[in-house]
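>>> Prediction below, plus the sequence it came from.
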Amino acid sequence: MKTKLVLFLLLFGFVGQAQIKIDKQHFVDLLSEGRYGDVFREASEIRKKEYGKCLMIDYFIAKALCGDGYNKEATLKFSTILKNYKLSDENRVFISSERDGCTVSADPASRRGLNLNMRDFSNIMAMTLPEAAVRGKMGMISNCKMPPQEMTYVRNVSMEELESRLFNINQAESAVSKYKSILNSNYHVGVSGRFLLITYGTTVLNKEQQAKTSARLEQAYNFFISHYGLRPPDKLLAVYLLPDKNIFRQTAKLVHGLKVPDANIGYSNVSDLSLVGVSDVSRIGTLTHELFHLMVRTDVGDVPPWMDEGIACIYETSRWVGNNLVGDVHNWRADVLLGASYEMKSKIPGLREFIEYNWQQFDGFDTKDQCKASIDYAYGKHFMLWLQEKGKLTELFRAIKNRNEITGDSSVVFLSDVDLIELTLGDRIENVERKFNDWLYATYRIKLNMPVVSPGPGAPTGGVTHVPEVNPVLDAGMPNISNQPVARPDQTQEEITNAPVQQMVQQLPVEEKNPNELNVVQQALTEYSANEILNLLTLRVKKDFNDKMGENAIAYTYYLDGDPKMLDQIQEVNYQRNHKSFQEYNKSFKKSADRSTNFSFKGYQWGYIETVNVYLLMKDQTKSDVVLKTIVYDN
C-alpha cells in the first residue's frame, strides 16, 4: 500500500503556506496509472476553490492534457504557467522542459500517453519555495547600471511556523500573544476589527488611531471584494506599519527570514496573511497596494504580471469618490514614464509585447535592468488608469478572473490576455494601443511610438500607421529633460535612498533648422501653461554638510532644474516643505525670485524629507496649482 504524501501547496514566492492542501502524490499516482481524465476533472474542481488557481493545480492539468494527447492545449497551458507564475529558476527550467517534452500533435485523437519517470516530478514533489507568495512594491530606482535584486532567504521559516500565525477573527487575544512571542520588545501589537496592527519604536497606536487605521484598511478591503468580485480571506490580517527602510528590512528578516531588495518599500505574504511596509497611520498607500496583491490570490492566483502590478499600483496613490476607490491620474509614476519617453524610449514596450511579458521580463531580470522594471510598473499603472477612466477596468479584470479554460471533460478553450482585451474593448490590440497612447499624450504630454495597425477585411494592404493629432509647434518645443529621474518614491509613504539617477540618454538625429524655424520654436515655449511648466521641471536638493546650525542641522538648498527657457518665464517659486516639523507646514510658503540660482532657497534641517508643495508665479502673472513634488537629491 502506498503512503500518501500530503503536502501543503506552496502558492507564491519565498515563504510559507497558502491555506489550501494538495495531495500531490495522489495526482502523481493517477498520472502513472494513465487516468488522465480523472486528473483533469479533479484538478479542475480544486481550481474553482479559494486559492485553487495555482501553479500546482495548473501543472497537473497541463500534464493530464499532455498525457491524453491534447498536445497543443497542454503546450499552451505550460506556456501560461511560465508567463503568469513567478517561478524560481529551477522550476522555470522544469516547467519549460515539461512543455518542450509535450510535442504538438496534428491529431488530438492520437493519444500517446506519458512515459512517467518519478524523477520528472522531483522539482514539484520536493518544492520548498512557494511560487509568488511574496509580492513586493518597487520604489525609487537610483542607478540603472545596477541589476534588479530578488527577495532571498537568509533564514528558513518553517511552514508550521507560518501556519501557526493564522487566526480566526474571534481569536484576537491569541493572535496578539503569538505575535508578541515572534517580535521583540521594540514592536507593539494591537488589534482592531480584522487587522493586527504592528508598529515599531516610539510609534504606539492608541485605541482611536487603531480604529481609524483599521477602518481605512477595512474600507479598501470591502471595496476590493465588491468591485472585483473577490472572495475574502477569512482570517486576521497582520499589518506592519514601519517608520523607515532600515526597520522594514530588519523586520523582513526577523518575521519571514527575507532579505528584501534595496528598491522595495513593502511586500505582502499570503502564507501568513501579512502586509509589511514603510508607512504610518496617516499614509497607507503602500499597504493598500499590498492588500490588493494579497486579496487577488484568493481567486486569481494566475493573475498576469501586467494586471497584478498595474492594478496594485493605481491604489498606492488614490482617493475615495463616493464608495469607489479611484487611482490618481496625476502621480509620481507618471514622471517615470515621462522621463523614459525622452531618455529611455527603447525601454518602453509596445502594448502587445507588454501584455505578453512573463514575470522575469516584467521585473527586468531577463535584461538585468532595474530601470526597465521601473518603467514596466509605470506603464502598467497608466494602462490600468486609462481603463479606469474608460470604465472598463473592472470588466477586463473579471474577464481575466473568469477566463473559461475548461468547457467539458476534455474540451479546453484558451483565450490569451490579448484576446480578452480585444473582446472587452471591442477593438484590435493595435487600435487599443493607439487610443492609450493618445490618452498618454493628452494627459501627460508623454509621446510614445504608435503601432502599425494590421489591415482588416476590406482595408488597404500594407497596414496603417497612426500619427496622433498634435500641435507640431508645441511638440517641437518639448524640452530636453535629461535631469528627470527615471523613478521616484511613493510620495506619501517611505524613506528612499536618494542617490543621483544614472541617466541613459538616447541620442536622436538633429535636423538643421533655419533661424525662422528656431524663432517659431522659441516663441512656442510661451504657450506652456504654468501647470505644464511645473510638471516638466524637477525639484532638486543639495545638502551641505559643512554648513551647520547647532549640532545636527545642516543646510539643504532647494531649487528647480530643467529647460532654461522655461525657467526664464518664472517670476517666483513658492516652496512648502511637507513635514510638520517645519514652520511653514500647512501655513505658508518660502518664496524665491532669484533666477540666477534656479529659484533656490536654503533651510536648515536635521533629516531629509521626500516631498514639497510647490507653486509658480509666472512673469505673465498667471499662477500654477499647488503641486506636491517629489525631491531628487544631488547628494
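That came through fine.
>>> Scan the chain for its longest strand.
strand 538-549 (DSSP state E).
>>> Could you point out which residue ranges in this protein have low pLDDT?
1-19, 103-148, 404-413, 452-527, 608 (pLDDT under 70).
>>> rewinding a little: can you give the strand pairings for the longest strand of the chain, parallel or anti for each?
strand 553-561 (antiparallel), strand 632-633 (parallel) (DSSP bridges).
>>> Nearest to residue 289, out of these?
strand 632-633 (22.3 Å; C-beta to C-beta). C-betas here are computed from N, CA, C, even on glycine.
>>> what separates stretch 394-405 from the chain centre, distance-wise?
From the chain centre to the centre of stretch 394-405 is a distance of 20 Å (C-alpha atoms, centre = their mean, to the nearest Å).
>>> next one: stretch 549-569
The answer for stretch 549-569 is 31 Å, by C-alpha atoms, centre = their mean.
>>> First-to-last residue distance for it?
34 Å (C-alpha to C-alpha, to the nearest Å).
>>> out of the strands paired with strand 538-549, nearest to residue 83?
strand 632-633 (35.0 Å).
>>> Can you show me the strands along the stretch 201-350 of the chain?
In the stretch 201-350 of the chain, the segments counted as strands under DSSP state E, counting those that start in this stretch are 237-242, 258-259, 264-269, 274-278, 318-321, 324-327.
>>> May I see those strands organised as a markdown table, with distance to residue 49 and mean neighbour count added?
Listed next are the strands of the stretch 201-350 of the chain as a markdown table, based on distance: least, C-beta to C-beta, whole Å; neighbours: other C-beta atoms under 10 Å:
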| stretch | distance to residue 49 | mean neighbour count |
| --- | --- | --- |
| strand 237-242 | 20 | 26 |
| strand 258-259 | 28 | 21 |
| strand 264-269 | 21 | 28 |
| strand 274-278 | 22 | 28 |
| strand 318-321 | 30 | 12 |
| strand 324-327 | 27 | 17 |
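>>> out of these, which comes closest to residue 577?
strand 274-278 (19.4 Å).
>>> Please put the alpha-carbon coordinates of that closest one into CSV.
Output of strand 274-278 as CSV, limited to C-alpha atoms (Å, rounded to 0.1, in the frame of the first residue of the first chain):
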residue,chain,number,x,y,z
SER,A,274,0.7,39.8,6.3
LEU,A,275,1.3,43.2,4.9
VAL,A,276,4.7,44.8,5.6
GLY,A,277,5.6,48.3,4.6
VAL,A,278,7.1,51.7,5.3
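>>> Next up, the contacts around residue 417.
304, 306-307, 355-356, 400 (C-beta atoms under 8 Å, 6 or more residues apart in numbering).
>>> Next step: the residues you listed restricted to helices.
Judged by DSSP state H, helices contain the following of the contacts of residue 417: 306-307, 355, 400.
>>> Tally up the residues packed near residue 295, please.
23 (other C-beta atoms under 10 Å).
>>> ditto for residue 619
11.
>>> Quick check: closest non-adjacent residue to it.
residue 571 (4.8 Å; C-beta to C-beta, 6 or more residues apart in numbering).
>>> what helix or strand is the one you found on?
Applying DSSP states H and E as the criterion places residue 571 in strand 570-577.
>>> same thing with residue 155?
Going by DSSP H and E, residue 155 is not part of any helix or strand.
>>> Nearest spatial neighbour of it, chain-adjacent residues omitted?
Per C-beta to C-beta, 6+ apart, closest to residue 155 is residue 257, 3.5 Å.
>>> what does residue 548 give?
That would be residue 554: by C-beta to C-beta, 6+ apart, it lies 5.3 Å from residue 548.
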